[in-house]
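In: Sequence and predicted structure, then a few things I'm wondering about:
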Amino acid sequence: MKEKEGKRIRWNIEITIDHFKKEIVPNVDPLTKSNIMSYSNKFYLAIQRSNEITWSELFAIIGLNFDEIHKNQRKIGNEKYWVREKLIQYFANEILPNNKGLKRRDLVKEYNHFCRGMDNSKEITWSELYALFNLDYEAIKREPAYWNRARLIEFMLHLIKIGEPVNLTALSNNHESFYKALMRSKEITVEELCKICGLDYKLVRREKKYKTDDDARQGLINLFIKGISLYKAKYVRKDQALYKYLLERGNGNLQRGMELVGFKVTKDNSIPKILISNLIYSQILGHHFQKVVSDIFNILRLGIRDNIESINGLKPDFFSKKDGTWYDAKISTRAVYDDILDGRYAETAKKVVYVYLENTKELNAELLPVNVEIVHVYKYVEMIKNRQRKEHFLGKLSLLSDLYKHFVVRDSQKKTVKKCKK
């Protein structure tokens with residue numbers, strides 16, 4: 001249930017406390033920040049912005065310990081969910097690649113759960129998190145809502161002073177509103193701004209991300225797997241550096257540029273003809289499957305974490321902190337079979353669980369090593385209770401499955417051609 005919309009309230013400390021006692025406390029249970037926000041977003045924002053009273057002080061007025069209540073609420077089973085490691089990982093994997101503005105007020109619109117985790121965290125602050133990625137949180141907060149010539153110059157000088165990178169690639173990633181304002185500005189050009197600030201324009205220009213056709217081909221596959229239609233130029237522009245490389249490659253013709261780097265698409269955006277080695281294609285699909293499995297594990301909160309360290313010279317994809325089990329994502333049972341034949345995982349780990357997508361080779365469970373288990377990824381998908389999330393992952397897995405089957409067909413066609421030639 002939500003609070004009924006009423007007249008606009010001018011919040012001061014007296015009105016805030018009175019509203020909290022009469023409206024919030026009787027209607028919100030349990031009395032946590034997230035539930036208060038769901039019930040009355042205007043009250044929640046009033047406390048967040050208040051310079052007169054904090055959440056702890058407000059709860060103390062009715063005899064409750066704010067920290068104790070939220071400490072218990074932030075625990076999932078016996079494990080705290082938004083720990084420092086999780087916050088950093090989520091920021092790096094989900095927020096930075098899809099950057100639509102890094103101000104907190106921009107993030108809260110799409111990543112509200114993450115922002116609550118950051119606000120409640122005692123392990124890391126916003127400034128510390130941004131500093132890990134060479135970002136200045138205070139500088140980002142200072143970005144004005146309206147840009148003019150003077151503000152553009154002032155902000156660029158500030159970035160130079162604090163030592164942030166000011167090439168166009170870094171600006172578009174780290175300070176999107178400033179970058180867009182600069183690109184659209186009729187008052188000042190990038191070249192003029194560089195001259196005023198004492199910068200070399202050649203060094204500030206966008207760095208080329210794609211230097212070879214192989215780079216561009218992989219970039220196109222990454223966009224396609226994300227479900228982005230590649231037939232229309234406006235969608236390919238989601239990766240500006242790639243778009244620019246393809247235009248240059250095709251002498252101004254995007255489709256021609258794609259064909260020249262070995263990637264041909266049709267109007268219906270069906271599986272493209274990809275001129276790329278089978279090994280690289282398989283590796284790209286395997287990488288995306290691993291990412292999907294990682295997201296599923298994170299949502300299920302099973303205590304299975306991405307593994308970033310080498311263990312006895314081996315590096316499984318995931319590691320369970322609870323029982324030490326190794327988890328490895330393999331797009332097919334053929335890949336699982338090859339890994340079992342190698343034998344190093346089974347010899348080193350206490351237990352190994354292989355998560356697969358495509359059943360391309362029948363494996364007899366009785367002949368497997370005793371510490372090896374094979375699980376289809378759909379077993380974990382079925383454990384997701386939220387219907388929309390479940391459908392989201394089923395869609396991703398279906399696309400990967402289609403791409404893999406296309407890869408298998410193409411591989412068999414190549415082998416047939418070789419036999420005919422012999």
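Out: Great, that's in hand.
In: which residues in the stretch 51-200 of the chain form strands?
Out: 75-76, 79-80 (DSSP state E, counting those that start in this stretch).
In: let me redo that: the stretch 251-400 of the chain
Out: Using DSSP E, counting those that start in this stretch, strands in the stretch 251-400 of the chain cover 263-264, 273-274, 304-306, 318-320, 326-332, 352-358, 372-376.
In: so which of the ones you listed comes closest to N51?
Out: strand 304-306 (39.3 Å; CB to CB). For the C-beta atoms, the positions are set from N, CA and C on the backbone; glycine is no exception.
In: For that closest one, give the mean pLDDT please.
Out: Regarding strand 304-306, the rounded mean pLDDT is 86.
In: hmm, who's touching that strand?
Out: E85, Q89, S294, F297, D317, F318, F319, S320, K321, T325, Y327 (CB atoms under 8 Å, 6 or more residues apart in numbering).
In: Neighbour-wise, which one of the residues you listed leads?
Out: Y327 (25 neighbours; other CB atoms under 10 Å).
In: Can you tell me how far it is from I15?
Out: 53 Å (CB to CB, to the nearest Å).
In: where are the low-confidence patches of the stretch 151-300 of the chain?
Out: 173-174, 203, 205-209, 225-238, 264-281 (pLDDT under 70).
In: how about the helices of the stretch 251-400 of the chain, start to end?
Out: Using DSSP state H, counting those that start in this stretch, the helices of the stretch 251-400 of the chain run over residues 254-260, 278-300, 333-342, 344-348, 377-381, 387-421.
In: Now tabulate the ones you listed in JSON lines and tack on distance to L246.
Out: Shown next, in JSON lines, are the helices of the stretch 251-400 of the chain (distance: least, CB to CB, whole Å):
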{"stretch": "helix 254-260", "distance to L246": "3"}
{"stretch": "helix 278-300", "distance to L246": "18"}
{"stretch": "helix 333-342", "distance to L246": "32"}
{"stretch": "helix 344-348", "distance to L246": "40"}
{"stretch": "helix 377-381", "distance to L246": "33"}
{"stretch": "helix 387-421", "distance to L246": "21"}
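In: Let me know which of these is the nearest to N222.
Out: The nearest among those, by CB to CB, is helix 278-300 at 7.5 Å.
In: Report the contact partners of the most centrally placed residue in the chain.
Out: Geometric centre of the chain, nearest residue: E94, 1.5 Å, by CA atoms, centre = their mean. Contacts for E94 (CB under 8 Å, 6+ apart) come out as Y111, F114.
In: Need the per-residue pLDDT for it.
Out: In this prediction E94 is given a pLDDT of 78.
In: Lowest average confidence across the strands of the stretch 51-200 of the chain, which one?
Out: strand 75-76 (a mean of 41).
In: Pull up the gap between K361 and E373, please.
Out: Taking CB to CB, one finds K361 at 16 Å from E373.
In: Ok, V28 next?
Out: Taking CB to CB, one finds V28 at 44 Å from E373.
In: which one of those two has more residues nearby?
Out: Neighbours per residue, other CB under 10 Å: of V28 and E373, the larger number sits with V28, 19 against 15.
In: residues contacting the more buried one?
Out: Contacts of V28 were listed using CB under 8 Å, 6+ apart, and they are N35, I36, Y39.
In: I'd like these as JSON lines, with distance to A150 and secondary structure appended.
Out: What follows is those, written out as JSON lines (distance: CB to CB, whole Å; DSSP: H, G, I helix; E, B strand; the rest coil):
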{"residue": "N35", "distance to A150": "44", "secondary structure": "helix"}
{"residue": "I36", "distance to A150": "41", "secondary structure": "helix"}
{"residue": "Y39", "distance to A150": "43", "secondary structure": "helix"}
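In: which of those residues has the most neighbours?
Out: I36 (20 neighbours).
In: ok now do N253, which residues does it touch?
Out: Here N253 is in contact with L247 (CB under 8 Å, 6+ apart).
In: how close does it sit to A241?
Out: Distance, N253 to A241, by CB to CB: 18 Å.
In: just the contacts of V28 now: which is nearest D106?
Out: Nearest member of those to D106, counting by CB to CB, is I36, at 22.0 Å.
In: How confident was the prediction at that closest one?
Out: 85.
In: That one contacts E23, correct?
Out: No: using CB atoms under 8 Å, I36 makes no contact with E23, being 10.4 Å away.
In: what is in contact with these two at once?
Out: Common contacts of I36 and E23 (CB under 8 Å, 6+ apart): F43.
In: any chance you could read off phi and psi for the residue lying closest to G324 once chain neighbours are set aside?
Out: Among residues not flanking G324 along the chain, K350 sits closest, at 5.1 Å (CB to CB, 6 or more residues apart in numbering). Dihedral angles of K350 (phi, psi; degrees, to the nearest 10) stand at phi -70, psi -40.
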